Structures are given as structure tokens and as C-alpha cells.
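Student: Build me a structure from this.
(one chain, ligands or ions: 2)
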Amino acid sequence: MNESGELRDGLMDQSAAPRRVALIDRDGTIIVDKVYLRDPDGIEFAPGAIEGLRLLRDAGFALVLITNQSGIARGYFDAARLEQIHDRLRSMLAAEGLRLEAIYVCPHGPDEKCACRKPAPGMVTSAMRDLGFGPDEAVLIGDSDADMGAAAAAGVVGLRVTSAGKSAGAPADFLEAARRARVLLAEREGGQAGRN
Ligand SMILES: [Mg+2]
Ligand SMILES: [Zn+2]
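Tutor: Residues are numbered from 1 along each chain as shown. Ligands and ions are numbered 1, 2, ... in the order given. Okay, the predicted model is just below:
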């Protein structure tokens, strides 16, 4: 499944360990959904987002953002503005000791029938190809039917959180999803070790 040679971090000898990848939706999942966010200063982390991302990082997950941004197709903002937003997001995360391994964006509208707009699995399959991991080495965490659809279409387990910012005072669902992701992958890896 991993045709390309993959990079592993050097924290410990992981030569026999599978990868762990968290595919993470942006709006309503790790940041409050502002609906077509077009201002870098409008980024606000969702409850539990930083704690959950740290938990995933500490459990060895690569953090990969996969986000539908049809605001580009709709003309609400352009790709350069989205780049500024993601630069700011990266620096806000860096201030928390967190790093995204990659960001995948679908800039298309719902009528364009592209392969990347969730619930299509295109961003997930691109990440698998680019980063060298298989469906059972990943989880997808998101807040929408489209997220869960993309996960199912790619054969990846989807973990759903309550949409941050849409229900006031939402609990730290991202943290809970991160905990479940850690347990799930540990169980799966244990099962693989035992299979031999
Ligand atoms: Mg979302
Ligand atoms: Zn697309």
C-alpha cells in the first residue's frame, strides 16, 4: 500500500510501526465555523481543538487538514486570501507547538462535479498517495455529512464532532474524537501485530 518511501520522524525507532494520520476538517471542527471565513483575523479555535491536536501529535499522528472552500468558486475570496488564512492558522498552531503536515483544499463549487469536494474522497486519496499511508492507518475527523461521506468513500473511519460555533457552548468534542482516534489506531495496530 505504501509504494512511495515514506518519511518517519526520528523520535524513536518506528521502522516496523505503521503510520498514524489524522485527516481533519477545518470549519466547525478545529476552528469555529464563521461561514465563508475570509479574514485571517477571524480564526478562532473550537473548544477542545488545541488539546485534541496535541493528544493526536503526542500519539504519533500526522495532522492533515482537508477542507472544502467553495467560497473561492463563489467569488467570496480568492486563493491568495485563503493562503493568508492558512498561513495565519499555521502560525497560531505553531505557537501551540503544533504543525500541520499538509493542507488539502477543494476550491470548487457544488456544481462543478470535481473529484475533491467532500463527500467525494479526492482529498483523502491524494493525501494517501502523497504522504504514503493506507485507509487503516488513518481516521477522518469532521462535523458534517460531507466529511463522513468522504471518509466512507475512501474506506477510512470517520469520527464526527458537533459543529463548533453552530451550537453555543459545544463541549470539547474534538478532544473526545482525538481520544477515540488514538484508541482505534492502537487497537488496530495491536490486531495487526497479533495476526502473524
Ligand atoms: Mg466542517
Ligand atoms: Zn474540488
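
Student: Can you name the residues of the chain sitting close to ligand 2?
Tutor: Contacts of the chain with ligand 2, taken as CB under 5 Å from the ion, map to 106, 108, 114, 116-117. Heads up, the C-betas are built off the backbone N, CA and C, glycines and all.

Student: Might you list the low-confidence residue ranges for this structure?
Tutor: For the chain, applying pLDDT under 70 flags the ranges 1-18, 164-172, 193-196.

Student: quick one: contacts of stretch 173-182?
Tutor: 22, 29-30, 46-49, 51-53, 55-56, 59, 61, 139, 141, 159-162, 164 (CB atoms under 8 Å, 6 or more residues apart in numbering).

Student: One more: stretch 79-94?
Tutor: So stretch 79-94 is in contact with 26, 31, 37-41, 43, 45, 53, 65, 69, 71-72, 99-100, 103, 105, 107, going by CB under 8 Å, 6+ apart.

Student: now do 10 Å
Tutor: Contacts with stretch 79-94, where a contact means CB atoms under 10 Å, 6 or more residues apart in numbering, come from 26, 30-31, 37-45, 49-50, 53, 63, 65, 67, 69, 71-72, 77-78, 98-100, 103, 105, 107.

Student: Return the subset of the residues of the chain next to ligand 2 lying in strands.
Tutor: Cys106 (DSSP state E).

Student: got a list of what Gly75 touches?
Tutor: Applying CB under 10 Å, 6+ apart, the residues near Gly75 are Gly109.

Student: which SS state does it fall under?
Tutor: Secondary structure, DSSP: H, G, I helix; E, B strand; the rest coil: Gly75 is coil.

Student: So Leu63 is in contact with Thr29, correct?
Tutor: No - contact criterion CB atoms under 10 Å: Leu63 and Thr29 do not qualify, at 11.9 Å.

Student: Of these two, give the one with the bigger neighbour count.
Tutor: Remark: of Leu63 and Thr29, Thr29 carries more neighbours, 29 against 19, as counted by other CB atoms under 10 Å.

Student: chain center to the biggest helix by length in the chain: distance?
Tutor: Of all segments of type helix in the chain, defined using DSSP state H, the longest is helix 173-195. Centroid displacement of helix 173-195 relative to its chain, using CA atoms, centre = their mean, to the nearest Å, is 16 Å.
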